[in-house]
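Participant: Have a look at this prediction, sequence included:
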Amino acid sequence: MANTIYIIHSSGDESRRIAAVISPEADGVRLFETSADFLEAVTPEARGCVLASSDLTGSGMCALIKGIQAHGLQLPVVVLGRDADLAAAVAFMRAGAAEYVELPVLDRRLRKVVRQALALGQS
């Protein structure tokens, strides 16, 4: 089964920048503007990982993580945050996120985090 990296971010420019950095790490990259769009499109057979902005509009990050779990998806979630909000980072991790990465992040660090998340999804 092919590994896909699913990026959920409201900024198309930011999504494309992240995709360019991490695309060598997987078989494909899919971009979504909202968690609802992602949850509607993803299938139970999906393999890979999710990178999502901490400031998701709509139901929010914790709801995304719970939605992934409710659908029985084996997709680790990497949260991409812009500010050092420790309480939010802890809440995301408690909800089930695999990692919290504060942006901006070095490209090599982001690729490393994605490799680790992809490995988690295969275990």
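Facilitator: Yep, that arrived.
Participant: shaky segments in this protein?
Facilitator: Across the chain, the ranges flagged by pLDDT under 70 are 1, 57-59, 84, 123.
Participant: Tell me which residues touch the closest residue in space to residue 96 that isn't next to it in sequence, please.
Facilitator: Of all residues not flanking residue 96 in the chain, residue 65 sits nearest, at 4.7 Å (Cβ to Cβ, 6 or more residues apart in numbering). C-beta here means a position set from N, CA and C on the backbone, and glycine is covered the same way. Taking Cβ atoms under 8 Å, 6 or more residues apart in numbering as the contact definition, residue 65 lies against 77, 92, 95-97.
Participant: And for residue 26?
Facilitator: Taking Cβ under 8 Å, 6+ apart, we find residue 26 in contact with 2-5, 48, 114, 118.
Participant: Next, give me the two most distant ones among these.
Facilitator: Greatest spacing in these, by Cβ to Cβ: 2 and 114 (14.9 Å).
Participant: on that earlier part again, list only buried entries from the contacts of residue 26.
Facilitator: 3-5, 48, 114, 118 (16 or more other Cβ atoms under 10 Å).
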